[in-house]
Each structure stands twice: as C-alpha cells, then as structure tokens.
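Visitor: With the sequence up front, the predicted model follows.
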Amino acid sequence: MFDHLSLQCDDLAASRRFYELVLGPLGVGVTMDFGDVLGWAAADGVPKFWLGAQTTGGKQREIHLAFTAPDRATVDAVHRAAQESGVEVLHAPREWPEYHPGYYAVFLRDPDSNNVEVVTHA
C-alpha cells in the first residue's frame with residue numbers, strides 16, 4: 001500500500017538490533033547502509049523501510065507499524081526471539097477475531113516506544 005516508510009530513531013544501533021530481530025524471520029534485512037540511515041528490503045532488494053538517526057522535530061509520538069508474516073509459525077518465531085532478547089511484548093501471539101477470523105498477531109515495543117506488530121491473515 002505504501003512505497004516506503006522512514007522512521008527517525010533516538011538510538012539507531014538499538015533500533016537496528018530490534019528490527020533485525022523482528023524482521024529477520026520475515027526475510028527482510030538491511031540492503032543499504034549509509035551509516036546514519038539504513039534501508040531494509042525483502043527478496044526484491046528494494047528498500048521499503050528506512051531507519052535514521054533523529055535529526056528533526058522533538059519528542060516523537062508512538063507510531064504503529066504492522067509487518068506481514070507468511071504464517072502463524074513465523075509470528076510465533078518473532079515472539080520467541082523477542083522474549084529471548086528481552087524485548088517488551090505488548091500482546092503475545094493470538095488470534096484477534098474482532099479484526100477478522102484468522103488475524104493472528106504479536107505486538108512488541110521498539111526502542112523508541114513504537115508499537116510494532118507482526119501479523120498473518122492466514
């Protein structure tokens with residue numbers, strides 16, 4: 001639905017570690033590294049998700065990001081990796097029937113206090 005998304009981070013190294021943990025099971029990784037800006041891409045290699053050091057504005061507000069997983073096992077793998085790394089889990093994986101049947105997701109807190117979801121619709 002979007003061409004790309006870019007977030008500014010208070011601690012780029014901590015955010016990189018978090019997103020490597022969360023996006024690795026989804027097959028998404030850093031494909032462009034400009035030092036203070038990182039571009040993340042899936043198999044096509046085209047960066048769609050960008051992280052950069054905080055350079056403008058003041059204190060940021062919480063942002064909600066949802067990344068698509070191919071299946072429940074991948075959502076569960078992200079959850080296990082988050083728990084093992086001490087990442088704050090907002091909501092453990094479960095089905096959310098109020099959204100629609102088959103909506104299965106985990107919700108995590110990233111280093112900048114953003115609400116990060118990994119979801120499958122299978």
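Guide: On my side now, so go ahead.

Visitor: for the protein, which spans come out with low pLDDT?
Guide: 1 (pLDDT under 70).

Visitor: can you give me the helices in it?
Guide: 12-23, 72-85 (DSSP state H).

Visitor: Switch the ones you listed over to a markdown table; also include distance to residue 36 and mean neighbour count.
Guide: For every residue, glycine as well, the C-beta is placed using N, CA and C. Output for those, formatted as a markdown table (distance: least, Cβ to Cβ, whole Å; neighbours: other Cβ atoms under 10 Å):
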| stretch | distance to residue 36 | mean neighbour count |
| --- | --- | --- |
| helix 12-23 | 7 | 18 |
| helix 72-85 | 24 | 17 |
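
Visitor: Including distance to residue 56, could those go into a markdown table?
Guide: Converted to a markdown table, the helices of the chain look like this (distance: least, Cβ to Cβ, whole Å):
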| stretch | distance to residue 56 |
| --- | --- |
| helix 12-23 | 15 |
| helix 72-85 | 29 |
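
Visitor: Looking at these, which is nearest to residue 112?
Guide: helix 12-23 (6.5 Å; Cβ to Cβ).
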